[in-house]
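Visitor: Starting from these lines, generate the structure:
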Amino acid sequence: MEETCGKVSAIIYDHFGSFEGFIVEEESAHQRRFFTREPPMLSLVERAWIDRIHVCVVSEKSEPDIPRRVIFRI
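Guide: This next block holds a predicted model:
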């Protein structure tokens, strides 16, 4: 498992306006893009983005761009 921690810096939509993923910016300013189209994930990402919540995104090493868990940190 891999973990990326930081704040959601962008929410990505495709050319039809459908949710496609999000970007997390780490404290080092490195940005990591994650791909998902799950509506429940959009709700979590929007909350983290609006409230500037520190998150950790967990992904599999074999699929590092697919979020498996999102952990909110306070």
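
Visitor: Going by C-alpha atoms from here, please, whenever you check contacts or count neighbours.
Guide: Will do.

Visitor: Tell me which residues of the helix or strand hosting Ser43 come out buried.
Guide: Using DSSP states H and E, Ser43 sits within helix 39-51. The neighbour-count criterion (16 or more other Cα atoms under 10 Å) identifies Met41, Leu42, Val45, Ala48, Trp49 as the buried residues of helix 39-51.

Visitor: With stretch 4-24 instead?
Guide: 4-12, 19-24.

Visitor: Dump that stretch to CSV, keeping only the CA atoms.
Guide: Extracted C-alpha coordinates of stretch 4-24, given in CSV (Å, rounded to 0.1, in the frame of the first residue of the first chain):
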residue,chain,number,x,y,z
THR,A,4,-0.1,10.3,-0.1
CYS,A,5,-0.9,13.0,2.5
GLY,A,6,-1.8,16.6,1.9
LYS,A,7,-4.7,18.8,0.9
VAL,A,8,-7.0,18.4,-2.1
SER,A,9,-5.9,21.1,-4.5
ALA,A,10,-8.2,20.3,-7.5
ILE,A,11,-11.2,18.4,-8.5
ILE,A,12,-11.2,17.0,-12.0
TYR,A,13,-14.2,16.7,-14.4
ASP,A,14,-14.2,15.3,-17.9
HIS,A,15,-15.5,17.1,-21.0
PHE,A,16,-19.1,15.9,-20.1
GLY,A,17,-18.9,17.4,-16.7
SER,A,18,-18.6,14.0,-15.0
PHE,A,19,-16.3,13.6,-11.9
GLU,A,20,-13.1,12.0,-13.0
GLY,A,21,-10.7,12.4,-10.1
PHE,A,22,-8.8,14.8,-7.9
ILE,A,23,-5.3,16.1,-7.1
VAL,A,24,-3.7,16.1,-3.6
